[in-house]
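Novice: any chance you could fold what I've pasted below:
(chains A and B)
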Amino acid sequence: MDFQAKLKGKDYLIRVDEQPKYWGITLQEKGQKEEFHKIPKEHFKRMDQGVSFLFDESSYMVDVVGEGTQYTVYTRGSYREIPLYNDESLLHESLKGGGAMGASDSLKSGMPGKIVDIMVVVGDNVEPGQPLLIMEAMKMENEMKATHPCVVKEILVNKGDSVESGALLIKFES
Amino acid sequence: MFKKILIANRGEIALRVIRACRELGIKSVAVFSEADRNSLHVILADEAYFVGPAPSKESYLNVDNIVKACKDSGAEAVHPGYGFLSENTDFAARLKKEGIAFIGPSPECIDMMGDKITAKKTMQKAGVPTVPGSAGLVPTAEDAIKVAKEVGYPILIKATSGGGGKGMRLVHKESEVKAAFKAAQNEARNFFGDDQVYIERYVQNPKHIEIQVFGDKQGNVIHLYERECSIQRRHQKIIEESPSPSVPKDVREKMGDISVKAAKAIGYYSAGTFEFIFDSITKEFFFMEMNTRLQVEHPITEMVTGVDLVKEQINVAFGKPLSVKQTDIVQRGHAIEARICAEDPVTFTPNPGLIRRCRHPQGPFIRVDSYAYPDYEIPIHYDPMIAKLIAWGHTREEAIQRLNRALDEFTLTGIKTNIPLHKSILDHKKFLDGSYTTQFIEKDFGDLKDMFRFLDDRVFLISAAIEAYNGYKERGSWKHNELPSKWKNVGRDKALRG
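Specialist: This next block holds a predicted model:
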């Protein structure tokens, strides 16, 4: 199975070839030479605590969270967020993009929290960087700002509302 | 001794107090809000009482409900932890009225130190140095020059109603005073409608140094030396250490002596902390405020002095004298604490949510005060700090290496934490040589994304790809008619039409 991945602004191609005793992994950073890793299945072991991964003479306890095209990989106190596409998921994304709303014409909450203040009204022309609303989560107030010039079309929340992660807050037209 | 203590708090500090109670043979009573039924302090306490809905105001800050829980449980004393009701005079006074002991200082002391102006005046009277400045308002630029001569440059001209850096001017020499004075006045008038200003010495290379003091009801007061907490962002401390790499021995003793004298002057008992702003070049120090409670970072003092501060608090509240004398207090080795928070290390936004895997660091000279466990959902209503990781070493270098090692061992997945931030700070030249100031995060820390430089990126990429592959395989073989195959059909249709 072939995947396209993105990490730290670089594009990668990863081919996963499952064999009875090992994983054949071809890893290629775009524009660079590809490298092949033969990883014995004994070296990538799923356990209660995650995956014990022996790689390049080093031992990692890895936890991979995610499904679809968004993965977060944790190990040794750090993590990386990795978008990962294969042919099927690319198709999935393209269909979604055509019908529903794209990411840039709405503001969604990135975490569960409470709406403390709303600084715009419907019809406002907003500039990039202009504060739209303030959300409170865990005693911290976070200002959410516009990323591109647009007009406020609809505000779906009120001051004082509690919202879930991913909730639609404001719709825009460009 | 008390037979039962109620802990009016949650999170790691509630656990800390439960542990002290257990060791003293005292029953512990937890209180919890609607959001905290599954919190570890509820699970580990001997008894637990519900005190209200998730928002703190309605539960952990609800004095009536907490007093009721005391009566229902028969608790004879309350430990307030830090935050919440720990520095609330009304709460302390109410408990006194109800005949319940408050494990902390007297309501009078809390009140006195809670008001910044009263606190500063009281401390000046007790002989504690405060930041030099004008006695009150400075009406004209000519007056400003006069004051600056006494105070010494550089000075800050500050608007009385100012904030967020507005209406504030930094002045290095006399020739700049006139223009800066006007500018500060104008800005203050424009922003706050009030152009009154005053003058304060600008402390260069500022460090946050605090002195732990402890008093009993017999009038004994000791100090347990200093903690440096200069690694902070927007006044939220991130890393603390004891001793400070910047405070010379004689200054340390002087700070301790002055703090003890000041605490005696106000009849202070229980644990308290004097916070100072410290000029790391001139080694001058000035009183900022006093915290009349146990501090988050108290473990580093416990590690270097060997004194259990929470047990002392309980003993003192019961009326016993301090178990240690000043001459018993020695700083042995070095301790550092890292506050582990559920937050994005790049943006500093809180990142509450479900913890998947959790494994705490272990091994020699490591202490973990944490309320995280696997499958625990961190509520959005409270502080994002979920754990404190403390390392001890003979030397500062050893303590840093040990903390670094323990951070590597800390598994906490499903949420983002600031562990990568800590690793990056511990690797920074200015942290390693101890010259960092309170401006470190804003000024010296540089590119935050750089904190993801430590590990081989291929490990993450390959792991993600294999697990994604496994995911597709499992879904594909177990649920034939689910999503993936449907998308395949759509793809085929498209190909046929195309």
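Novice: helices along chain A, start to end?
Specialist: Here chain A has its helices, by DSSP state H, at A:87-99.
Novice: burial of residue 43, as a residue count?
Specialist: Assuming you mean chain A. A count of nearby residues for A:H43, using other Cβ atoms under 10 Å in any protein chain shown, gives 15. Yep, even glycine has a C-beta here, placed from its N, CA and C like the rest.
Novice: could you do chain B instead?
Specialist: Neighbour count for B:I43, taken as other Cβ under 10 Å: 14.
Novice: model confidence score at it, please.
Specialist: pLDDT, B:I43: 97.
Novice: hang on, it is in a helix, isn't it?
Specialist: Yes. The assignment for B:I43 is a helix, going by DSSP: H, G, I helix; E, B strand; the rest coil.
Novice: how far away is it from B:D36?
Specialist: 10 Å (Cβ to Cβ, to the nearest Å).
Novice: what's the burial count for the residue lying closest to A:V121 once chain neighbours are set aside?
Specialist: Ranked by Cβ to Cβ, 6 or more residues apart in numbering or on different chains and with sequence neighbours excluded, the top spatial neighbour of A:V121 is A:V152, at 6.8 Å. Look at A:V152: counted by other Cβ under 10 Å, it has 20 neighbours.
Novice: what sits against A:V152?
Specialist: By Cβ atoms under 8 Å, 6 or more residues apart in numbering or on different chains, A:V152 lies in contact with A:V120, A:V121, A:V122, A:G123, A:D124, A:V126, A:I170, A:K171, A:F172.
Novice: turn those residues into a markdown table, including distance to B:A317.
Specialist: As requested, those are exported to a markdown table (distance: Cβ to Cβ, whole Å):
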| residue | distance to B:A317 |
| --- | --- |
| A:V120 | 52 |
| A:V121 | 54 |
| A:V122 | 57 |
| A:G123 | 60 |
| A:D124 | 56 |
| A:V126 | 55 |
| A:I170 | 51 |
| A:K171 | 56 |
| A:F172 | 57 |
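Novice: out of these, which are buried?
Specialist: Listed as buried from the contacts of A:V152 are A:V120, A:D124, A:V126, A:I170, A:K171, A:F172; burial here means 16 or more other Cβ atoms under 10 Å in any protein chain shown.
Novice: restricted to strands, list these.
Specialist: A:V126, A:I170, A:K171, A:F172 (DSSP state E).
Novice: which one of the buried ones among the contacts of A:V152 sits closest to B:N65?
Specialist: B:N65 lies nearest to A:I170 out of those, by Cβ to Cβ, at 37.4 Å.
Novice: relative to B:V29, which of the contacts of A:V152 is nearest.
Specialist: A:I170 (45.3 Å).
Novice: do I have it right that B:A77 meets B:Q313?
Specialist: No. Using Cβ atoms under 8 Å, B:A77 makes no contact with B:Q313, being 10.0 Å away.
Novice: find the residues that touch each one of these two.
Specialist: Counting by Cβ under 8 Å, 6+ apart, the shared contacts of B:A77 and B:Q313 are B:I103.
Novice: quick one, what contacts B:A20?
Specialist: B:A20 makes contacts with B:D308, B:V310, B:K311, B:I314, as judged by Cβ under 8 Å, 6+ apart.
Novice: looking at those, which two lie furthest apart in space?
Specialist: The distance between the two most remote of the contacts of B:A20 (Cβ to Cβ) is 9.5 Å, for B:D308 and B:I314.
Novice: ok, the two, which is more surrounded?
Specialist: Remark: of B:D308 and B:I314, B:I314 carries more neighbours, 23 against 17, as counted by other Cβ under 10 Å.
Novice: in which helix or strand does the more buried one reside?
Specialist: According to DSSP states H and E, B:I314 maps onto helix B:309-318.
Novice: mind giving me the packing neighbours of that helix?
Specialist: The contact analysis (3 or more Cβ pairs under 8 Å, 6 or more residues apart in numbering or on different chains; DSSP states H and E) places helix B:309-318 against helix B:11-24, strand B:77-79, strand B:101-102, strand B:206-215, strand B:270-279, helix B:298-305.
Novice: just those: most buried one?
Specialist: Highest mean neighbour count of the helices and strands packed on helix B:309-318: strand B:77-79, a mean of 27 (counted as mean count of other Cβ atoms under 10 Å in any protein chain shown).
Novice: rounded mean pLDDT for the helix or strand just after that one, please.
Specialist: For strand B:77-79, the following helix or strand on the C-terminal side (DSSP H and E) is helix B:89-98. The pLDDT scores in helix B:89-98 average 96.
Novice: run through chain A and note the low-pLDDT ranges.
Specialist: Applying pLDDT under 70 to chain A picks out residues A:87-104, A:110, A:139-140.
Novice: center of it - which residue?
Specialist: Closest to where the C-alpha atoms of chain A average out (Cα atoms, centre = their mean) is A:Q70, at 4.8 Å.
Novice: which ones are touching it?
Specialist: Shown in contact with A:Q70 (Cβ under 8 Å, 6+ apart): A:E81, A:I82, A:P83, A:L84.
Novice: I'd say the third one and A:K8 touch.
Specialist: No. Because the distance of 12.0 Å does not satisfy Cβ under 8 Å, A:P83 is recorded as not touching A:K8.
Novice: who's more crowded, the two?
Specialist: Between A:P83 and A:K8, counting by other Cβ under 10 Å, A:P83 is the more crowded of the two (17 against 10).
Novice: beta partners for the residue nearest to that one when sequence neighbours are not counted?
Specialist: Residue nearest to A:P83 in three dimensions, not counting chain neighbours: A:K6, with 5.0 Å by Cβ to Cβ, 6+ apart. Taking DSSP bridges, one finds A:D11 as the beta-bridge partners of A:K6.
Novice: and A:K6, how many neighbours?
Specialist: Neighbour tally, A:K6, other Cβ under 10 Å: 15.
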